[in-house]
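# no sequence on this one, just coordinates:
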């Protein structure tokens, strides 16, 4: 396996870094978000993982991950994560061919922004789903409530995993955000860069076309969606951790205490070094696993089975989660008093790191499932 | 509750510190052990917790703990732990009044050295016992094997918890080390200051008198023995941790690297400070819990029930275990290359700390039982 | 006085007074929640004052009750157990007053102690500066005397807790022009409500602002509002920092215990109590709290006549602040995804405050790094870097 | 050459050669187990040499095979997977030889490379001194030239792994009297079997002795046994340290993986696999190993033309040594009370060695503290203290 980035990949990474250093919007006004999102779509980033036959760029996990890393660094607040990493991946992994053809081009070219509704925290276990679907002639009625949905107010559509009544199965439904019976209530969240809303479904009527899953692969496909999304989230976490490290290094070089720059104190040097060790280890792993996933996607022979994919991603995900939490905490600490204020950036990362540690499975849950793979088989 | 030591307690502590600084024997020849043990008995230390009516000093957990802390510091290699902390406590908590009168004076005044045999690692759960007792007329036959027994080769007698055949109950039996059918095999252990042997019981015949438990309290009494012994072990661990800290401070002040004493490096200063925080927190807790146990023993009204005793001791025990492991590891690290050699003391503590972390329950087991108390009741 | 009876007396008083219009104050206020009901909490201070619960440790001649440490501790424990709100008068009672009793003039004592004891006058602390976070010796706020003897101040203090709710501030400032380090500092008492002072809130990471920047632009105070002699401010400041580590910090552990109880409740309710990894960490949190508790009790040990360093006192700030920070993280892991949303539930809201606000615990009053320097130098005799 | 085919070739060779009298060597030797079968492991080196497995990365003109990195890595992985024993010739092959190839004279290359490649001559490393643990610039071993040009040495080296099994040692010594720091050092090649050298074993905490002190008392070597010019020893030594971080360290991860497999076996067998706290830690160990592995693979990324620091290379020593140390502790917690006794079982014995011997991992070749200094200065541009 070769982790060397191609020239095209390097170029994409550099473009993203430059563009987002300029346009990254955690400190910008919420009004600017729509413009940024339009610009991102224009750059083609929403199309990276959409297959060429659906008018996408047909690139893979590596390219998407490079973008996610840079977005994590700048705490970008757009529907990119929910539209591309969640909704597109769900359609690719669990959707019917027909639905893919119908829905993916719109998501790839910004005609629509979307989100994905699974169980709490994007749990893909059918037992945790809180929306139910009842057949009604050719169409369906959806009922229930999703307490926390990633939804920045610009979402056009949600892909909703619902339990089918009178049946053990589940279905994936396309629901327009403005549909009759859909009530969205924005929530007062700590991490303002990752807006959420409560979605209530009060007998929402959708037609047969709205059921977008391939029934044979919806369960496994949603599990796989969750794992692949976690890998992309890990890339975003690495970007955030890298930025925390940068903030800490820059600040301690400038800040003078006891008559010398704080950066000259050995204890401070060791702390930033420890941040670097954890962040770079996570980065190596995230990039490596992405290369492996991309290679597997290109060749059926090298394809990862679900267990191997899960194990690899668990490493990337846990290392990234812990590195980001650690680096965000340390960035606050190394900023001293100002690290605790609204005006300095470490707190933004601290909140994002906390958010990211809970969605798509906490570290302890990833570890326990991995332990079962390692220990509970003969 | 008052943690202030009395003048008598302070005097005992100082005597022990002075005597053991001189006589402590981790580096001395094994031949000297018997002499040290005789000297310790002469000082009355083996009699501290034996009641006055049995010719003991009638003191309590605090005094015993002060001695244990000093012995831990010097890594004393005698049958003190097995005789006093294990065997005496078992007789006091689980023994019949008759057996206490018969056996304790000999243990208090060094006429006998003893050990205690429970399940592996001194587990008091009856299901883990590996010796069985079969009634034979007035007496008993013991059969089975105890894989690892604390036994420094000078032990005269063991108190053996055995499952009674054809009965759900257990009994505590006094077995002479030299009895027919007892085979003791010394084991090649890493921590040479805590010798161990395998004891095999091949149809060992003992008379009725040898059953020393009070049948009504043997089960709870052995559990309580284990908890009280863990508290004393925690005191020993604190002493060891304190010595590791002292070794690290002394060495780093002398050792010159890059043209200055290692102790002037801020990273080194922070590491010894961290050792001190953990050690002193453990020390405060061990001493506080001992004072509480001692106060409870003196007044029936303030007596600790089993759950409260367990919870308090779990705090002392886990803090002491983790502090000792941490301090021993750091002492090696801060000694650099020589910390890894046989000739410097950190390795002795490192081995003792590892030993102590496994016997009488590992930290994770204490935590889980404590969590059950905290979380699983309404 | 018998401790058990005293505890009963405190508990009975709390049960009959923290009711009615005060009921909403239960478990409110304190670090991270100072914006809760400040006006009502001042009334509560007066209620406490009329009950005789302010100045328990002060000498009788200064209007205190001169109670022994054990009873002061018992009071704090029972106060928190009953849900007593965070004390608005904390800085005046435990910092200003002991300083004035030890080092103030009789006039200063007469002027200021009654206002503190009766819950009429509130105090803020003017130590930290933008350029001197954990480094008091780098103070650059200046002060000088006018011809009429009145003191003038110029400069900026930061991290002054509740300055916007206070009447007075004590300030350490440089009175000898050109002096450096610990020399040439003076300790002044300054009224906050005057044209020469502006108070700007510092918005903290929670979005709230219980700290302030205080700007002195020719601010003035009377000639006799200096504690100690001009140039002796460092000595006064160090004495005051000694009082800060006093008995009232033990009441803190009861707050912590309350927070841990809330965490247990949430874990039981949402199923996190079944997660083995969470169980281990909860047990560790409980164990760590016992460590803090016994460490605090050890501080109360009588060591009359001893000049040894008290290790348990030296490590205390570092130990509690890191424990508390870890508790916040554990709490959020227990709450899970729901922790993303600002909660209306009392238990979750409080635990979220702990998570975010405890980030300041390891920074203010000596960062972790400063604490470890001090521990190694004073506690272990390691050489100064 | 196709990597898969190459791997098969290695595996096949190992399967047919690591048998018979060599079978007992499987998974033996290496750090912590160097005292296992040293003589037989030298014969194994010759067996490997005749198979063409020594000097895979050396240029062809020096008798190597000039294989690309990916194949060298593949060899190491397959070697360890097959249970290949710890390499007695490691220092010669991966340190001495690359140094001579890069900086030695043609005569030195002709003299020394064949002995290394054929498993006939073994090398030790003379860097550390009692007064200069992680501080090479503080070297005080002296060297000077006799009238006939031969070099003489006086001083002491420590932590020389396997010196008692070696024929030659490379030594860095001070050739310019009165020089300090990096100036005035020379890099000499010295035969060990001579009257002027005494080798004393250093008994390590396990009771064994795979390190030595080497005492030079007028020891002698030929005039042409210097690499580089007199006084340029620092440059040579730094180049050599660069080779040390080379591809062979990636084989190390296969050893680690083997150790982790042993740990899993023990945990399954003794029931520790049911303990939720142990399960979390085992998962973390596996995760950490993936981190090392991908970090190692990232080191192989092609960055031709880039002059950037390679962060993954900079952090690698610190990362693996701490991971390995933690693995040892986890292993002992899995083994439990039985870990007290020196075990005869292969898996438990090996894990006990890891626990005790890994204490040296975070000390030798740059302590944790030195590593963190280097990472912060070179990786992050933090100022030198």
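Great, that's in hand. Nothing here was measured: the structure is a model prediction, and the numbers come from that model. Numbers count the residues shown, from 1 in each chain, chains lettered A, B, ... in the order given.

# residues in contact with residue 329?
Picking chain A for this. A:350, C:359 (C-beta atoms under 8 Å, 6 or more residues apart in numbering or on different chains). C-beta: built from backbone N, CA, C; applies to glycine.

# nope, chain C please
Here residue C:329 is in contact with A:325, C:355 (C-beta under 8 Å, 6+ apart).

# distance of it from chain D?
Using C-beta to the nearest C-beta, to the nearest Å, we find residue C:329 at a distance of 16 Å from chain D.

# Helix, strand or coil: sort out that residue for me.
helix (DSSP: H, G, I helix; E, B strand; the rest coil).

# now for the helix or strand hosting residue C:79, which elements pack on it?
Per DSSP states H and E: residue C:79 is located in helix C:69-81. Of the remaining helices and strands, those touching helix C:69-81 by 3 or more C-beta pairs under 8 Å, 6 or more residues apart in numbering or on different chains; DSSP states H and E are helix C:3-17, helix C:248-270.

# Highest mean neighbour count out of the ones you listed?
Mean neighbour count (mean count of other C-beta atoms under 10 Å in any protein chain shown) peaks for helix C:248-270 among the helices and strands packed on helix C:69-81, with a mean of 19.

# Please see if that helix touches chain B.
Yes - residues of helix C:248-270 contacting chain B under C-beta under 8 Å from any C-beta of the partner chain: C:264, C:267-268.

# thinking again about what came up before, would you turn the helices and strands packed on helix C:69-81 into JSON lines with mean pLDDT?
Shown next, in JSON lines, are the helices and strands packed on helix C:69-81 (pLDDT from 0 to 100):
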{"stretch": "helix C:3-17", "mean pLDDT": "95"}
{"stretch": "helix C:248-270", "mean pLDDT": "89"}
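
# so which of these comes closest to chain A?
helix C:248-270 (10.4 Å; C-beta to the nearest C-beta).

# quick one: is that closest one near chain A?
No - for helix C:248-270, no contact with chain A is found by C-beta under 8 Å from any C-beta; the gap never falls below 10.4 Å.

# Next, the angle helix C:248-270 makes with the helix or strand following that helix.
Moving toward the C-terminus from helix C:248-270, the next helix or strand (DSSP H and E) is helix C:276-299. For helix C:276-299 against helix C:248-270, the angle by axes from the mean of the first three to the mean of the last three C-alpha atoms, to 10 degrees is 160 degrees.

# Determine the three-state secondary structure at the closest residue to residue A:130 other than its chain neighbours.
Distances taken as C-beta to C-beta, 6 or more residues apart in numbering or on different chains place residue A:144 nearest to residue A:130, at 5.1 Å, with adjacent residues excluded. Here residue A:144 is strand, with the state taken from three-state DSSP.

# wait, what's in contact with residue A:144?
Neighbours of residue A:144 in contact, by C-beta under 8 Å, 6+ apart: A:130-132, A:162, A:200-201.

# and for the helix holding residue C:79, what are the contacting residues?
C:1, C:3, C:6-7, C:10-11, C:14, C:53, C:56-57, C:67, C:247-248, C:250-251, C:254-255, C:257-258, C:300.

# next one: stretch A:158-172
A:86-87, A:90-91, A:94-95, A:114-119, A:124, A:126, A:129, A:131-135, A:140, A:142, A:144, A:146, A:149, A:151, A:173-175, A:177, A:199, A:201, A:211-213, A:215, A:218-219, A:222.

# mind listing which of these are in helices?
A:90-91, A:94, A:218-219, A:222 (DSSP state H).

# What score does the residue nearest to residue A:130 have for pLDDT?
On pLDDT, residue A:144 comes in at 97.

# the strands in the chain, which residues?
This is for chain A. For chain A, the strands defined by DSSP state E occupy A:114-117, A:131-136, A:139-150, A:157-164, A:170-176, A:182-186, A:196-206, A:256-257, A:260-261.

# Switch to chain C, please.
Applying DSSP E to chain C gives strands spanning C:123-126, C:142-145, C:151-161, C:168-174, C:185-191, C:197-202, C:211-221, C:226-227.

# want to throw the ones you listed into a markdown table with mean pLDDT, mean neighbour count and distance to chain D?
Shown next, in a markdown table, are those (pLDDT from 0 to 100; neighbours: other C-beta atoms under 10 Å in any protein chain shown; distance: least, C-beta to the nearest C-beta, whole Å):
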| stretch | mean pLDDT | mean neighbour count | distance to chain D |
| --- | --- | --- | --- |
| strand C:123-126 | 93 | 26 | 33 |
| strand C:142-145 | 96 | 18 | 31 |
| strand C:151-161 | 93 | 22 | 26 |
| strand C:168-174 | 96 | 25 | 29 |
| strand C:185-191 | 96 | 24 | 30 |
| strand C:197-202 | 95 | 16 | 28 |
| strand C:211-221 | 95 | 20 | 30 |
| strand C:226-227 | 96 | 24 | 39 |
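
# Let me see the contact set for the residue nearest the centre of chain A.
Most central in chain A under C-alpha atoms, centre = their mean is residue A:233, positioned 4.0 Å from the mean C-alpha point. Listed by C-beta under 8 Å, 6+ apart, the contact partners of residue A:233 are A:68, A:81, A:85, A:317, A:320, A:356, A:359-360.

# Return the distance of it relative to residue D:288.
Residue A:233 sits 20 Å away from residue D:288 when distances are taken as C-beta to C-beta, to the nearest Å.

# Also residue C:291?
Distance from residue C:291 to residue D:288, by C-beta to C-beta: 29 Å.

# Please identify which of those two sits among more neighbours.
Neighbours were counted for residue C:291 and for residue D:288 using other C-beta atoms under 10 Å in any protein chain shown; residue C:291 has more, 29 against 24.

# how deep is the residue lying closest to the more buried one once chain neighbours are set aside tucked in, by neighbour count?
Spatial nearest neighbour of residue C:291, chain neighbours left out: residue B:281 (4.2 Å); criterion: C-beta to C-beta, 6+ apart. Number of residues near residue B:281 (other C-beta under 10 Å) recorded here: 30.

# now do residue A:101
Neighbours of residue A:101 (other C-beta under 10 Å): 12.

# Please tell me how far it sits from residue A:212.
11 Å.

# now swap in residue A:155 and tell me
16 Å.

# Now do the residue in the stretch 1-150 of chain A that chain D sits nearest to against chain B, distance only.
Per C-beta to the nearest C-beta, residue A:4 is where the stretch 1-150 of chain A lies closest to chain D, at 4.5 Å. Look at residue A:4 and chain B: by C-beta to the nearest C-beta, they are 36 Å apart.

# tally of neighbours for that residue?
Neighbours of residue A:4 (other C-beta under 10 Å): 14.

# Need the phi and psi values for it.
phi -60, psi 130 (degrees, to the nearest 10).

# Check the contact between it and residue D:301; I expect there is one.
Yes - with contact defined as C-beta atoms under 8 Å, residue A:4 counts as touching residue D:301 (4.5 Å).

# Report the contact partners of residue A:316.
Counting by C-beta under 8 Å, 6+ apart, residue A:316 has contacts A:231, A:234, A:282, A:285-286, A:288-290, D:290.

# Please report the distance of it from residue B:304.
In terms of C-beta to C-beta, residue A:316 sits 48 Å off from residue B:304.
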